[in-house]
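[1] generate coordinates for the sequence data below:
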Amino acid sequence: MVPGSSPNLVINPLVTNGFTKLNTSLMVPLSATKLALLLKDILRLKVLIILRHFLLLRSSLLFIVFLLLLLHAISSYVQNAFLHGDLHEVVYMEPPPGLRRQGESVVCRLKKSLYGLKQASRNWFSTFSDTIQKAGYQQLKADYSLFTKAQGTSFTAVLIYVDDILLTGNDLQEMEGLKAFLLKRLCIKDLGDLKYFLGIEFSRSKKGIFMSQRKYAPDILQDSGLSGARPEKFPMEQNLKLTPTDGALLNDPTKYRRLVGRLIYLTVTRPDIVYSVRTLSQFMHEPQKPHWDAAIRILNYVKGTPGQGLLFSATNNLALRAFCDSDWGGCRATRRSVTGYCVFLGNSLISWKSKKQTNVSRSSAEAEYRAMANTCLELGCDTYWKI
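    Sure thing, here's the model as predicted:
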């Protein structure tokens, strides 16, 4: 016990798992660490996970959802995921309270990554990738978080984000074998049939699968203090043109950036607010009062439609259809046009985007052709995802 500590000290379960069961560290004399980095209170740090490349994640989720229409799906959770990552650098840390006897002058030489290390997430994903590829799964180049295995008529797909795993396929025996394989090497917990994944709810019925963020939307309203706001019927006023010099600068731009960031993730299942959120995301560096008012209006619209989402029909002809449109010089600041398109697989919407074009179009026809070119490019990507 550390001098000055309480005799009734209760050791955190993370400590016991990380230092005993997972063989995370090795106790070595303190003199061996004179030139090494000494990490203090490493177990008190928590990693802030920022969702990056959410468009790739959305594509993977939609790919998985179509598998769910015909296949079986389960979700799993990896306990203490980062502690499974192998550490290749020499790193030392002070032992947590309760793991060093009184008078001992020793430190821990880490053998596994811990939460708080910059390389922890990379080491964990490398460990998981190597493990699942040993089971015969291939990593997709379009999205490195998606692994598939096909043998004859058997098909299984695994999607992972940090420590959440989504497993689906048409071969229950293969899925059970994979769970047993991962359980021997990783501490996974079977959460049963897929119902909730990364803030997205999945509801299955005879009509198909409904994907929504019914719980996430009210959380945004509550965090912004607008739970009792008056609902709006549409997210943005018609013909509203915002510019970088519309009005007075906000005193605290961080609240605007936080709100728009959360709305961006809401567009994973809400294509009806994509254009409005894209417009507001252009002013993150210097948001002004009109931009904030427009963001509040989107929240009021979300207040009236909290359960809006996507329905993937169980009866589909699996034919790709796409629709696109464009304005002409819609952006007043740059005079560039805005492209919008949506792609359907049968009757189900699988891809959508609203984006400013890279070049200035000299006519409305040129803007329309650019929109069609971007849509055809997206169709090529969606064809790649088809089974």
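[2] after the helix or strand where residue 75 lies, which helix or strand is next?
    Taking DSSP states H and E as the definition, residue 75 sits inside strand 72-78. With elements assigned by DSSP H and E, the helix or strand that comes after strand 72-78 is strand 92-93.
[3] which elements pack onto that next one?
    strand 38-39, strand 106-110 (3 or more C-beta pairs under 8 Å, 6 or more residues apart in numbering; DSSP states H and E). Yep, even glycine has a C-beta here, placed from its N, CA and C like the rest.
[4] tell me the most buried of those strands?
    Among the helices and strands packed on strand 92-93, strand 106-110 has the highest mean neighbour count (mean count of other C-beta atoms under 10 Å), at a mean of 20.
[5] before we move on, back to that, next, format the helices and strands packed on strand 92-93 as JSON lines and append mean pLDDT and distance to residue 318.
    Output for these, formatted as JSON lines (pLDDT from 0 to 100; distance: least, C-beta to C-beta, whole Å):
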{"stretch": "strand 38-39", "mean pLDDT": "38", "distance to residue 318": "53"}
{"stretch": "strand 106-110", "mean pLDDT": "78", "distance to residue 318": "50"}
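[6] TSV for the ones you listed, including distance to residue 343?
    TSV is the format used below for these (distance: least, C-beta to C-beta, whole Å):
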stretch	distance to residue 343
strand 38-39	48
strand 106-110	47
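[7] please name whichever of these is nearest to residue 264.
    Of all those, it is strand 38-39 that lies closest to residue 264, at 33.9 Å by C-beta to C-beta.
[8] on that earlier part again, pLDDT of the strand holding residue 75, averaged?
    Throughout strand 72-78, pLDDT has a mean value of 69.
[9] so where's the chain uncertain?
    Within the chain, the stretches with pLDDT under 70 are 1-74, 77, 99-100, 103, 381-387.
[10] okay, now the domains of it?
    13-198, 202-315, 317-387 (automatic domain parsing).
[11] check the offset of stretch 372-380 from the chain's centre.
    25 Å (C-alpha atoms, centre = their mean, to the nearest Å).
[12] got it, and stretch 114-124?
    With C-alpha atoms, centre = their mean, you get 18 Å for stretch 114-124.
[13] what does stretch 106-123 give?
    Centroid displacement of stretch 106-123 relative to its chain, using C-alpha atoms, centre = their mean, is 23 Å.
[14] so which bits of it are buried?
    106-110, 112-117, 120-121, 123 (16 or more other C-beta atoms under 10 Å).
[15] same question for stretch 157-171.
    Buried residues in stretch 157-171 (16+ other C-beta under 10 Å): 157-160, 162-169, 171.
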